[in-house]
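*Asks:* generate a structure from the sequence data that follows.
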Amino acid sequence: MKLKINLTLVTLLCLSAGSTVNAQNVNVAKALIPAEKQVEILLKNSVKVIASEPKYIAPRTLENNQLKLVIGKDWTSGFFSGMLWYMYELTKDPKWLEPAKEFTQKLAPQQFNTGTHDLGFMIYCSYGNGYRLTNDTSYKSVIIQAAKSLSKRFNPVAGVIRSWDHNADKWQFPVIIDNMMNLELLFEATKLTGDSSFYKIAVSHANTTLKNHFREDYSSFHVVDYDPATGAVKWKGTAQGYSDPSAWARGQAWALYGYTLCYRETKDIAYLKQAEGIAKFILSNPTLPADKVPYWDYNDPQIPNSPRDASAAAITASGLYELSGYSKEGKSYRKTADQILNSLIKNYTSNAGTNDGFILAHSTGHKPAKSEIDVPIIYADYYYLEALKRSKGGK
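*Replies:* Numbers count the residues shown, from 1 in each chain. From the prediction side, this is the model:
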């Protein structure tokens, strides 16, 4: 979908809040000082809530300025433990090790959860990082079991992993672009077991999504509904974006990150080209503000009077850092990732001691549902810390 934008709007975008951040290296050590203080507060506040309501296992956001925690089966439940692992890795401070282990262990029951496609987020962000940093063999077994559970949602006729089980009146076999992020769990399971079935499922899902989710300009639909009996595409649209043909900002970030990791794991050049095409769509989009932190949907007609999504920016920055290591445009991608991360550091971090300890402010979760608009959200913080790590080099 081509978007017409008049010169007045472009001018407003260029003058919008948090104007151009000069390209410069990210000072990770400096950024970690306030981040660590915030995570300490978030940890303390979360432990306090869990002590009185043990059904909750991890923080998610602020709701009416109150800390909101989630139960294990929530799709965001694994990000906080992942953050604790990143704090341990980034600071080298052993004080983060026990909390990381404790909050990771709370997710153990989810390895058997076959009712969600989000096991990559839930288990790989937590146990995956834990295993990478400790080589704890008990973590390895959880990762493998989670991959087995996720594989049960794969339909070989359609060639994709089912996303949602809810709203059967709207769709039969929905697949959302977010699901690309969960493939990393499957690739890892093949490496850990030698069982290629996980790898084959991931590749099938990536290939089918590449074929059906994208438009000519490399923007992505949010949801594609399949006929599970024939594999035919029944409908393409959105659940969280502005409109069916629009480009929901976080969805484009998921796509960029997802195809980059697929290239890493397969070295299939088609995935690299796809990631580069998605990057071009994002970075050359006329509604992308000068500070490169996108509005929640690239096609919202209310731009520039529309909420930003710092989470989409953090995911994009992290994806670009990795993509920079594979692409001929690597220097440009790294420069842009630095710009995004410096924008987040300068203008989107919480004031010291505020927001119950969340690092970033100004994310948008589900605007059509009037949910989590212009608030801190846990996955923004997770990918922010990951981007800080990746800015130093490596994936």
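*Asks:* low-confidence stretches in the stretch 1-150 of the chain?
*Replies:* 1-23 (pLDDT under 70).
*Asks:* can you pull out the helices in it?
*Replies:* All helices of the stretch 1-150 of the chain, identified by DSSP state H, counting those that start in this stretch, fall at 7-14, 28-52, 79-91, 97-105, 119, 129-134, 137-151.
*Asks:* packing partners for the longest one?
*Replies:* When you say that, I think you mean helix 28-52. Where contact means 3 or more Cβ pairs under 8 Å, 6 or more residues apart in numbering; DSSP states H and E, helix 28-52 is packed against strand 58-63, strand 66-70, helix 79-91, helix 378-391. Quick note: C-beta positions are derived from backbone N, CA and C, even for glycine.
*Asks:* what does the second one contact?
*Replies:* In this case it means strand 66-70. With Cβ atoms under 8 Å, 6 or more residues apart in numbering as the test, strand 66-70 has contacts from 45-46, 49-50, 53, 56-62, 76-77, 356.
*Asks:* CA atoms only: put it into PDB for me.
*Replies:* This file holds the C-alpha atoms of strand 66-70, laid out as PDB (Å, rounded to 0.1, in the frame of the first residue of the first chain):
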ATOM      1  CA  GLN A  66       0.200   0.400  38.700                       C
ATOM      2  CA  LEU A  67       2.700  -2.500  38.200                       C
ATOM      3  CA  LYS A  68       1.000  -5.300  36.300                       C
ATOM      4  CA  LEU A  69       2.400  -8.800  36.600                       C
ATOM      5  CA  VAL A  70       1.400 -11.900  34.500                       C
END
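*Asks:* what pairs with it, parallel or antiparallel?
*Replies:* Sheet pairing for strand 66-70, assigned by DSSP bridges, gives strand 58-63 (antiparallel).
*Asks:* contact partners for S311?
*Replies:* 250, 253, 360, 363-364, 377, 379-380, 383.
*Asks:* just those residues now: which is nearest Q111?
*Replies:* Closest approach to Q111 among the contacts of S311 (Cβ to Cβ): Y379, at 20.1 Å.
*Asks:* who are the contact partners of the closest residue to that closest one other than its chain neighbours?
*Replies:* Take Y379 and drop its neighbours on the chain: the residue closest to it by Cβ to Cβ, 6 or more residues apart in numbering is F79, 5.0 Å away. By Cβ under 8 Å, 6+ apart, the contact set of F79 is 58, 121, 125, 378-379, 381-382.
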